[in-house]
Structure formats: C-alpha cells, structure tokens
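Student: next comes the sequence, and after it the predicted model I'd like to discuss.
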Amino acid sequence: MEQYVVRTLSTELQTGTLNIESLDLSHNRIDDRGTKSLSLGLQEMSNLEQLDLSYNNITDRGAGYLGQAKMWMQNVTYLDLSHNEIGNKGAKSLNEGMGTISKLEHFNLGHNKIGDDGLVSLSEGFRRMLPCVLTYLDLSHNSINESGKESLMIAMHSMNHLDLSHNQISNFGVERFNIEGVNWEELRHLDLSNNNIDDLGAASLTYGIEKMVKLQHLNLSNNSIADYGAECLSVGMERIGELTHVNLSHNQIGPTGAGHLGEGIKRMYKCKLTDLDLSNNEISDTGAVVFSESFTAGWYCLSRLNLSNNGIGDSEQKLSKAVSRMNELTKLDLSHNNIVTRELKVSVKS
C-alpha cells in the first residue's frame, strides 16, 4: 500500500463519520511516515476493537506515533504488530499509551527486535491495564534474554497463551517462572522452543509447570535438554491432568531420559496426552526398549507419537509390540532410524 493511500485513509478516518470496529492493514509497505498519518486517523476511532498492522515496515518511530494516539486504544481487544522492526524504544513508546487500554486480550509482537529493556517497558504497561484481561501474548522471534522476564511474570494474571520461542532465554531466564505470587492457573499454551535451555533450566521450569494446572500445550523443542532435564520435566508433567501436547524434539534426550518420560506419562492422573514428539533426540535402542516398557494403560489416549531420527534399530520388535497396546494411535513416525522392515509389525488405528 502506497503512503499516499494511507494518508487518504487517515483523512477519511479523521472525519469521524466512519464507525469501523476492525481495521486490517497487514501485508503492506506501511513505514513510519504512513504510521504517523494513520495515527492521526486512529485518534478519532474510539470504537475500534481490532487492529492488524503485521507484516509492514514499522520501526521504533512508527510505534511512537501509535503510542501517542491513545484514543484508539480504549476499546481495542486485538492488536497485531508482528513482523515489523520494532525495538526497545518502540516498546517503551507503546508502554506510554497502554494506560488507556483495559480491554486488550490478544497482543502479537512476534518477529520484531525487542530485547530485555523493551520487555520491561511492556510489562509496566501490562500492569497499568486495570483490569488486565490479556489472554494471548506472542513475543516470539525477538531478542529477549533474562532481565525483563521477572517484570513480565508479575504482570501475568489471566494469560492462557504465552509464546517466547526463538529468543535467547537461558536457565536464568527460565527461573523467572518460579516467582512467588504469580498466577499461572489459566495458562494453557507455553512455547519456549528455540532458546538456550538445558538441564538446569528444565529443572527450574518444573516448579513453574506444577502451578500450570490447566496447561495443554508445552513446547520445549530445539533446546539443549538432556536426561536429567527430561527426568525433572516428567515429574512436573505427571501433575498436570490437562496436558494434551508435548514437544521435546531436537534436544539431547537419551535412553535414561526417555525412560523417565515414559514413567512420568504413565503416572499422569487421568492422562489426556494425545500428541508426543521426541524426534531428533538420542534415545537409541536402549531408550526405545525402556520407553516402550512404560506403554501401559496410562497411554491409552495417545494418538500421535514421533520417534523419528533417534538411532532406533534392533529394538523394533519390542517397540512394535508395545505400540500395539495403544488403541487410539493414528500416527506413528519412526522415520530416519535404522529399522529393518522385515521385523517391524505395527498396527495403527485408521
């Protein structure tokens, strides 16, 4: 979208004659100048509930213009600023306008350039949103590391979807999930994939997971979690009765860790787990045997299991026998292993 078109739209909006509740300007070429023009029109849009400016060229300066146009924020429930170039200064500018927001439920700032300082600013804004009804927050693909997370955790009360994937969060940052007084009871989706979390981080996270009693989706793929981390996570997982999807792919989990995970899942109260991804680990034949020995009644609900690329070969007979007891299984991925097909006998429910 050319900038003069944005100016024309802004002029029309400034007349106050339009009663627009949802405005989608995503996938355009709106830059800071266009955002400045648009912000003038937004000031007259007190009825606006949804604004999508994703996939544009908005930087810190453009975010500043949006933060200054506070009138439009009053009734906004959905705000998408993902896939832009907003950094710490832009996050601070948005924070300055958040005092007028009280209805925001869905906020997407993924794929920007926000770091720890920006996260602190946003968290301050969230805490001024009274009452805070934010349920969906996407901060994936940014540069968040450690220091800002504590402020964010304290600001979370009604959150049910939190995406912090593809950042630089390490063990110290994960510890922030254990802050006393933080209410995680509503969280249903947690994505910490593609960070720098290893065994110690997984152990720290376990204490936080135990408080997430309604958690359904847990994604810790593409980290550096090995056997000890898997053992700790299994303890936390067995206490979550609502867990349905777990992704621990692309880690360093070996035979011992696989065994602990299997036992932990078996002990899950009223197990609802339907999807388990352990692909691209180091489970091997030894781990596959130990893992398969836990396939008892506790696994009756699992419908998708991914064990691809784990160096599994000679254990396929025991594995196939164990899988045959999983009555709800509809998808089994054992690709990129060393399995001899003449020995493998697997019955998967159609």
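Tutor: Yep, that arrived. Only a predicted model underlies this, so the values are computations on that prediction, with no experimental measurement involved.
Student: would you map the helices across the stretch 151-300 of the chain?
Tutor: Ranges of helices in the stretch 151-300 of the chain, per DSSP state H, counting those that start in this stretch, are 171-174, 199-209, 227-237, 255-266, 284-292.
Student: between those helices, which gets nearest to Glu124?
Tutor: helix 171-174 (18.3 Å; C-beta to C-beta). Bear in mind the C-beta positions are built from the backbone N, C-alpha and C, glycine included.
Student: gap between the closest one and the chain center?
Tutor: 16 Å (C-alpha atoms, centre = their mean, to the nearest Å).
Student: list the buried residues in it.
Tutor: Under the neighbour-count criterion of 16 or more other C-beta atoms under 10 Å, helix 171-174 has 171, 173-174 buried.
Student: what do you get for stretch 203-212?
Tutor: Within stretch 203-212, the residues scored as buried using 16+ other C-beta under 10 Å are 203-206, 208-212.
Student: over to stretch 257-270?
Tutor: 257-266, 268.
Student: excluding covalently adjacent residues, which one is nearest to Leu42?
Tutor: Excluding the flanking residues, the one nearest Leu42 by C-beta to C-beta, 6 or more residues apart in numbering is Trp72, at 3.9 Å.
Student: just to be sure, that neighbour is in a helix?
Tutor: Yes - per DSSP: H, G, I helix; E, B strand; the rest coil, Trp72 lies within a helix segment.
Student: which elements pack onto the helix or strand where Lys89 lies?
Tutor: Using DSSP states H and E, Lys89 falls within helix 88-97. Contacts defined by 3 or more C-beta pairs under 8 Å, 6 or more residues apart in numbering; DSSP states H and E place helix 88-97 against helix 60-68, helix 116-128.
Student: show me where pLDDT drops low in the stretch 101-250 of the chain?
Tutor: For the stretch 101-250 of the chain, applying pLDDT under 70 flags the ranges 130-131, 147-157, 179-182.
Student: do a quick rundown of the strands in it.
Tutor: 106-108, 136-138, 161-163, 189-191, 217-219, 245-247 (DSSP state E, counting those that start in this stretch).
Student: for Glu328, the count of nearby residues, please.
Tutor: 12 (other C-beta atoms under 10 Å).
Student: confirm for me that it is in contact with Cys301.
Tutor: Yes - between Glu328 and Cys301 there is a contact at 5.7 Å, judged by C-beta atoms under 8 Å.
Student: quick check: neighbours shared by these two?
Tutor: Thr274 (C-beta atoms under 8 Å, 6 or more residues apart in numbering).
Student: picking up where we left off before, need the buried residues of stretch 257-270 in TSV (columns: distance to Gly118 and pLDDT).
Tutor: Shown next, in TSV, are the buried residues of stretch 257-270 (distance: C-beta to C-beta, whole Å; pLDDT from 0 to 100):
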residue	distance to Gly118	pLDDT
Gly257	35	96
Ala258	38	94
Gly259	42	92
His260	37	93
Leu261	36	92
Gly262	41	88
Glu263	41	88
Gly264	36	87
Ile265	38	85
Lys266	43	82
Met268	38	78
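Student: can you put the helices and strands packed on helix 88-97 in TSV and add mean neighbour count and distance to Leu94?
Tutor: Formatted as TSV, the helices and strands packed on helix 88-97 follow (neighbours: other C-beta atoms under 10 Å; distance: least, C-beta to C-beta, whole Å):
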stretch	mean neighbour count	distance to Leu94
helix 60-68	22	5
helix 116-128	21	7
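Student: closest to Val290 out of those helices?
Tutor: Using C-beta to C-beta, the nearest of the helices and strands packed on helix 88-97 to Val290 is helix 116-128, at 40.4 Å.
Student: please identify which of the buried residues of stretch 203-212 is nearest to Ser140.
Tutor: Closest to Ser140, out of all of those and judged by C-beta to C-beta, is Leu205, at 17.3 Å.
Student: for the spatially closest residue to that closest one that is not a sequence neighbour, give its distance to Leu261.
Tutor: Spatially, and ignoring its direct neighbours in sequence, Leu205 is nearest to Val174 (4.9 Å; C-beta to C-beta, 6+ apart). As judged by C-beta to C-beta, to the nearest Å, Val174 and Leu261 stand 19 Å apart.
Student: Lys318 too?
Tutor: Distance from Lys318 to Leu261, by C-beta to C-beta: 17 Å.
Student: just checking, Leu94 touches Gly67?
Tutor: Yes - contact between Leu94 and Gly67 holds when scored by C-beta under 8 Å: they sit 4.9 Å apart.
Student: pLDDT weak spots in the stretch 251-350 of the chain?
Tutor: Ranges of the stretch 251-350 of the chain meeting pLDDT under 70: 269, 296-300, 316, 341-350.
Student: list of residues touching stretch 210-217?
Tutor: Contacts of stretch 210-217 (C-beta under 8 Å, 6+ apart): 160, 182, 184-191, 209, 236, 239-245.
Student: ok, now stretch 162-170?
Tutor: 110, 137-146, 149, 156, 187, 189-197, 201, 219.
Student: what subset of those residues is buried?
Tutor: Using 16+ other C-beta under 10 Å, the buried ones in the contacts of stretch 162-170 are 110, 137-146, 149, 156, 187, 189-197, 201, 219.
Student: gap between the closest residue to Asn223 other than its chain neighbours and Ser143?
Tutor: Leaving aside its chain neighbours, Asn223 sits nearest to Ile197 (4.2 Å; criterion: C-beta to C-beta, 6+ apart). Between Ile197 and Ser143 the distance is 16 Å, computed by C-beta to C-beta.
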